[in-house]
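> need a structure here:
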Amino acid sequence: MIKQDYWTELSTQETDLITALQNASTEPDTIGVGSIVAHADPYRTLYVERGEVVEELGDEVIVAWDHWKEQSKKTDRYFRDELRFWKGENQ
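Reported below is the predicted structural model:
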């Protein structure tokens, strides 16, 4: 947060940059192709599993789960709100 009296001392370029950074930082991250995800429901087995979004289908995405790599079914389809960004054990 910048105090109002400091704004008057900044150049136009500086205020534009600060405004752009503030706007960018308030936009929530969106799950899309390449996002590393897990299931959003803590009661689902996939809550602790790691997957990668490999395709977008409008409101839905296709996730390739790491633990399914050795199985015939490697992907599944989910709505974005069913997923969350994956956090490792140390995070």
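> what are the bridge partners for Leu57, then?
Glu60 (DSSP bridges).
> Same question for Ala64.
Bridge pairing for Ala64 - DSSP bridges - gives Glu52, Thr75.
> Determine how far the biggest helix by length in the chain lies from the middle of the whole chain.
For the chain, the longest helix by residue count, based on DSSP state H, is helix 12-26. The chain centre lies 21 Å from the centre of helix 12-26; the measure is CA atoms, centre = their mean, to the nearest Å.
> Each with direction, which strands does the next helix or strand after it pair with?
Remark: after helix 12-26, the chain's next helix or strand is strand 36-39, criterion DSSP states H and E. Looking at strand 36-39 with DSSP bridges, its partner strands are strand 51-57 (antiparallel), strand 83-85 (antiparallel).
> Let me see the mean pLDDT of the first one.
Looking back up the chat, that one is strand 51-57. The pLDDT scores in strand 51-57 average 93.
> What residues of that strand count as buried?
Neighbour-count burial for strand 51-57, counted by 16 or more other CB atoms under 10 Å, picks out 51-53. All C-beta atoms are positioned from the backbone trio N, CA, C, and that covers glycine.
> looking at the strands paired with strand 36-39, which is closest to Glu9?
strand 83-85 (38.4 Å; CB to CB).
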